[in-house]
Every structure is written in structure tokens, then in C-alpha cells.
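Undergrad: Here is my input; please provide its structure:
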Amino acid sequence: MGPGPFPGRPRVSRGDVRAAILRLLAEEPMHGYQIMSELSARTDGMWQPSPGSIYPTLNQLEDEDLVRAEERDGKKVYALTDQGLEKVASSEEEAPWDRFASPYASGLMALRDAGFQLGAAVMQVARAGSDDQAARAREILDEAKRRIYEILAGEDTTG
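TA: As a prediction, this is how the structure comes out:
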């Protein structure tokens, strides 16, 4: 991507808007204004997407069956379809908002995003997996949780 019009400020492409919307909707269903607000908040106001970039992208993602919209309290709320969840879970790209963060914050964002990708994979097993696959996934998650707590405790988890 290269720098945008301001030094140190990444340029945002249409592909970034797509990726950002999919990542946000993997966390929870949102309406367009929430998406715009969340992107602005995650970049400390450095990325302030316009309705002209968010809503056409949401419509395109809906046409591609990656998101679905439903009316809630008079607002159109978007959520990922199973196909959208698969797309997010299989993506290895960094979240577009990570490029706006400091090196320290981007490390935390990478950890958080890894957690969200794991959550999306778990949801896919929950929706489409067999009982045996769900049981195996639970075992893996239990082991991962144990090992993460060992990291916090300063224990060696390599063995």
C-alpha cells in the first residue's frame, strides 16, 4: 500500500474497506454507522470512512452472499453469512486498521485479531461440524487456554 497523502498515514483502498467490514462483522453484527465509528475509533480518528465507501461495499458484500442484512429497531444491521465467516477465518491478511497503529499497539491488535480469527473458526465448527469435530475443537481450545495462562504465569510451555 505505500503512504497516503500524509506522511506516516497509510492509504486506504477499496479492498481495505471490504476487509475491514468483514473483520468487524466477524466480531458482531453492526449497522453502517457503527462500522464507520468503529473504524475511526480503532485508528484514533486517522481513518474516517464515509458513507460513500461503506454502504456500497456492504451492498456488494451482500450481493456476494458474504453478509446479510436485517431490520432491527428501524436500522439495517449487517451480519456475516457462513460464507463470510469462512472468508474471514481463512484470511491471513492483517486487519486494515493495524497499519494506523503504533508498533506496540499493532502487536496487541495482531493478538486480538488472531483471537477473532480463532473465534470465527470455532463458530464455523459449531455451525457445520460434527459432534466429534466439536469435541476435538473443545480439546484444542482447552489446551490453548491452559498454555496461554502458563505464559502469563511465566512457565515454559514448549515441552
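Undergrad: Show me where the protein dips below the pLDDT cut-off.
TA: For the chain, the stretches with pLDDT under 70 are 1-14, 101-109, 156-159.
Undergrad: Now residue 75, what are its backbone angles?
TA: In terms of degrees, to the nearest 10, the main-chain angles of residue 75 are phi -120, psi 150.
Undergrad: dump the residue contacts of it.
TA: When contacts are counted by Cβ atoms under 8 Å, 6 or more residues apart in numbering, residue 75 touches residue 31. Every residue, glycine included, has its C-beta placed from N, CA and C.
Undergrad: Who does it form a beta bridge with?
TA: For residue 75, the beta-bridge partners under DSSP bridges are residue 72.
Undergrad: Just the buried positions in the longest helix along the chain, please.
TA: Counting by DSSP state H, the longest helix found in the chain is helix 103-128. By 16 or more other Cβ atoms under 10 Å, the buried positions in helix 103-128 come out as 106, 109, 113, 116, 117, 120, 121, 122, 123, 124, 125.
Undergrad: and the closest residue to residue 46 other than its chain neighbours, how many neighbours does it have?
TA: Counting by Cβ to Cβ, 6 or more residues apart in numbering, the nearest residue to residue 46 once its immediate chain neighbours are dropped is residue 100, at 4.8 Å. Residues within reach of residue 100, counting by other Cβ atoms under 10 Å, total 21.
Undergrad: For residue 87, give me its contacts.
TA: 22, 66.
Undergrad: Tell me how far it lies from residue 16.
TA: Per Cβ to Cβ, to the nearest Å, residue 87 is found 15 Å from residue 16.
Undergrad: Which residue ranges of the protein form strands?
TA: All strands of the chain, identified by DSSP state E, fall at 30-31, 67-72, 75-80.
Undergrad: With distance to residue 145 as extra columns, can I get the ones you listed in JSON lines?
TA: Converted to JSON lines, those look like this (distance: least, Cβ to Cβ, whole Å):
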{"stretch": "strand 30-31", "distance to residue 145": "28"}
{"stretch": "strand 67-72", "distance to residue 145": "30"}
{"stretch": "strand 75-80", "distance to residue 145": "25"}
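Undergrad: For residue 134, which of the ones you listed is the nearest?
TA: In terms of Cβ to Cβ, the element of these nearest to residue 134 is strand 75-80, at 19.7 Å.
Undergrad: If we ignore the residues flanking it in sequence, what's nearest the residue most central in space within the chain?
TA: For the chain, the residue nearest the mean C-alpha position is residue 23 (2.4 Å; Cα atoms, centre = their mean). Closest residue to residue 23 apart from its sequence neighbours, by Cβ to Cβ, 6+ apart: residue 95 at 5.2 Å.
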